[in-house]
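*Asks:* quick one: sequence and predicted model below, then my questions.
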Amino acid sequence: MSEPEPDSPRRRFEPLPAWVSPATRLVHGGRLPDLNAGAISPPIYQTSTFRYPSAFSEAAAHGTVRFYSRISNPSTDGPAEVLRQLEGGDAARLFASGMGAISAVLLSLLRSGDRVVALQDLYGGTTDLLRDLAARFGIRLLEVPAAEARSPEAVLDGPTRVVWLESPTNPTLSLVDLRRWTEAAHRVGALVVVDNTFATPINQRPLGLGADLVVHSATKYLGGHSDLLAGAVIGREAPMREVDARSALGAPLDPFAGFLLGRSLKTLAVRMERHNSSGAAVASALAGHPAVRAVHYPGRGGPDEEAVARAQMDGRGGMVALSLRGGASALPTFLAHLRIVQVAASLGGVESLISVPAESSHRHLSGTELAARGIDPGLVRLSLGIEEPTDLVRDLREALDAALPP
Ligand SMILES: Cc1ncc(COP(=O)(O)O)c(C=O)c1O
């Protein structure tokens, strides 16, 4: 992390001692000494524009004061600063959704003719966007199946502009060796972008493993209460300058959503502690259930994956996938018998949710593509909330009992 420029917006935040840990940074990292009139909880700066300090302000012209909320607003700069500190980046910017952040990164970095190498197991919206850009703007896209993702050196055999990674992957929660991928990518001159939505900076910090940019759907764990849409990009100075220059793409986070996100970030560390322990508890409690064919959870994919998990993760998260022995025909009974866990898309909130990837996030894929990704028709993806873990295990067990094959 480099020192901020003397005029950088980072100078506006109260500096914290270097010894401060992430949980404390989450609470105090976005304090603005000059603007809050002493309020412990920051106000919502519901304004589109800001008064210039003088009729024509040199400072505004050079971007050192706030003048327009598409570029900068205290309600969004605070949570952006907290995320910058947590991920260990030089700069951070917030967007109206995760896809807003992802679009801004891709449209900032790519030129026609560039080659992008992306994992096959990405969030479906990212894959759709990459395929669309490839078809319409002459981007050369290579999608890497999970089996080949174990040998990045073999995949990255020529000049590449962007490598796009996700770990844990969605929905089968397998892991990608981020350090090995970034080393191989940098050897062919590529910038590495990691979607860190599932892990959060509490469990994994890709910039510290060599990545150049991190993106988040802040709609998920960072927002944490299923009540906002937001996206974030955090990264090294040079690629972030490219992303900043694309503020004209026009998808900034709204001040009210920024306020909600800042409020949620204060509890991220304690929420992740619970998500991590519930994830581990549910994965091991359901592994032997007769209605379950397989449990997917980071590190359960064998000794190599366990070694990757230990090397790059501080916690395994609250996402668990179950493959039901009864396949698709077991789903209606299983889902109908859940009383706490609710069937819905999205993840990362305080309430537990369950989805069927083959029918929701991955419904656009053909049967062959689903099979290639290990997504069988009876696979369900659980996002465990912060309820009492024993209640969650009981709810899931009772619904699985009901769905036992005859
Ligand atoms: C891993 C991942 N990245 C990005 C996104 C897109 O984020 P949003 O829905 O906030 O646009 C999602 C949404 O589900 C996601 O799961």
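*Replies:* The structure has been received and is ready for your questions. Numbers count the residues shown, from 1 in each chain.
*Asks:* near the ligand, which residues of the stretch 101-250 of the chain show up?
*Replies:* Tyr123, Gly125, Glu166, Asn170, Asp195, Thr197, Phe198, Ser217, Thr219, Leu229, Gly231 (CB under 6 Å from any ligand atom). To be clear about C-beta, it is placed using only N, CA and C from the backbone, and glycine gets the same treatment.
*Asks:* which of those residues fall in strands?
*Replies:* Per DSSP state E, strands hold the following members of these: Glu166, Asp195, Ser217, Gly231.
*Asks:* kindly indicate the member of the residues of the stretch 101-250 of the chain next to the ligand with the most neighbours.
*Replies:* For these, the largest number of neighbours (other CB atoms under 10 Å) sits with Ser217, at 29 neighbours.
*Asks:* Gly98 is in contact with that residue, correct?
*Replies:* Yes - look at Ser217 against Gly98 with CB atoms under 8 Å: they come within range, at 2.7 Å.
*Asks:* and for these two, which residues touch both?
*Replies:* Common neighbours of Ser217 and Gly98, using CB atoms under 8 Å, 6 or more residues apart in numbering, are Tyr123, Thr197, Ala230, Gly231.
*Asks:* for the stretch 51-200 of the chain, what spans make up the helices?
*Replies:* According to DSSP state H, counting those that start in this stretch, the stretch 51-200 of the chain carries its helices in the segments 58-61, 74-87, 98-109, 124-137, 152-155, 178-187, 200-203.
*Asks:* can I assume Val320 is in contact with Val282?
*Replies:* Yes - at 5.3 Å, Val320 counts as touching Val282 under the criterion of CB under 8 Å.
*Asks:* show me whatever sits in contact with both of these two.
*Replies:* Common contacts of Val320 and Val282 (CB under 8 Å, 6+ apart): Leu382, Leu384.
*Asks:* if we can go back for a sec, looking at the helices of the stretch 51-200 of the chain, which is closest to Glu369?
*Replies:* When these are compared by CB to CB, helix 124-137 sits nearest Glu369, at 9.9 Å.
*Asks:* can you give me the buried ones in that closest one?
*Replies:* Going by neighbour count (16 or more other CB atoms under 10 Å), the buried part of helix 124-137 is Gly124, Gly125, Thr126, Thr127, Leu129, Leu130, Leu133, Ala134.
*Asks:* columns distance to Gln85 and pLDDT on top of those, output as TSV?
*Replies:* Formatted as TSV, these follow (distance: CB to CB, whole Å; pLDDT from 0 to 100):
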residue	distance to Gln85	pLDDT
Gly124	31	89
Gly125	27	92
Thr126	26	95
Thr127	31	93
Leu129	29	97
Leu130	30	98
Leu133	31	97
Ala134	35	97
